[in-house]
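**Student:** Next one to model:
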Amino acid sequence: MNVGLIAHNSKKTLMQNFCIAYRGILCKHELFATDTTGRLVEEVTNLSVHKFLAGHLGGEQQFGSQIESNEMDLVIFLRDPQTPKSHEPDISNIFKLCDIHNIPLATNLATAELLIKALDRGDLDWREIYKY
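**Tutor:** Modelled structure (predicted):
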């Protein structure tokens, strides 16, 4: 399955730790990330990550395109809701597209852990059918 990883600057270390903790699950799937997040995850986990542009340079738009094409099965977006972002419309668009295309989305660590464990159990296998 295709798993998208995005983290705002203040959450990048949290994303790294999450990926270290769940490396055994993540290594069974295709990983996609915005540039900096992808590089940081690769550095600490040795996982292969397909990297888009940095989020503020269009990476979130690239993510949106993947979601619209139904090529993303799960998105983990560890965001910082307390710090305004200049590219907020692109961020909101990812949430909207996940809702429209029925893509599971986690925006915090608690939900990310629930979804990653569901992915490991096969609870998200319905996505394979839903794609076609």
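**Student:** Give me the distance from the helix or strand that residue 98 is a member of to the chain's centre.
**Tutor:** Per DSSP states H and E, residue 98 falls inside helix 88-100. When C-alpha coordinates are averaged (CA atoms, centre = their mean, to the nearest Å), helix 88-100 and its chain have centres 13 Å apart.
**Student:** Pull out the buried residues from that helix.
**Tutor:** 90, 91, 93, 94, 97, 98 (16 or more other CB atoms under 10 Å). C-beta coordinates here come from the backbone N, C-alpha and C atoms, glycine included.
**Student:** If you average the pLDDT over stretch 41-61, what comes out?
**Tutor:** Across stretch 41-61, the average pLDDT comes to 91.
**Student:** Residues contacting it, please?
**Tutor:** 5-6, 8, 15-16, 19-20, 23, 26-27, 30-39, 62-63, 85-87, 90-91, 93-94 (CB atoms under 8 Å, 6 or more residues apart in numbering).
**Student:** so where do the strands sit in this protein?
**Tutor:** Here the chain has its strands, by DSSP state E, at 2-7, 30-33, 49-51, 74-78, 105-106.
**Student:** Direction included, what does the shortest one pair against?
**Tutor:** In this case it means strand 105-106. strand 74-78 (parallel) (DSSP bridges).
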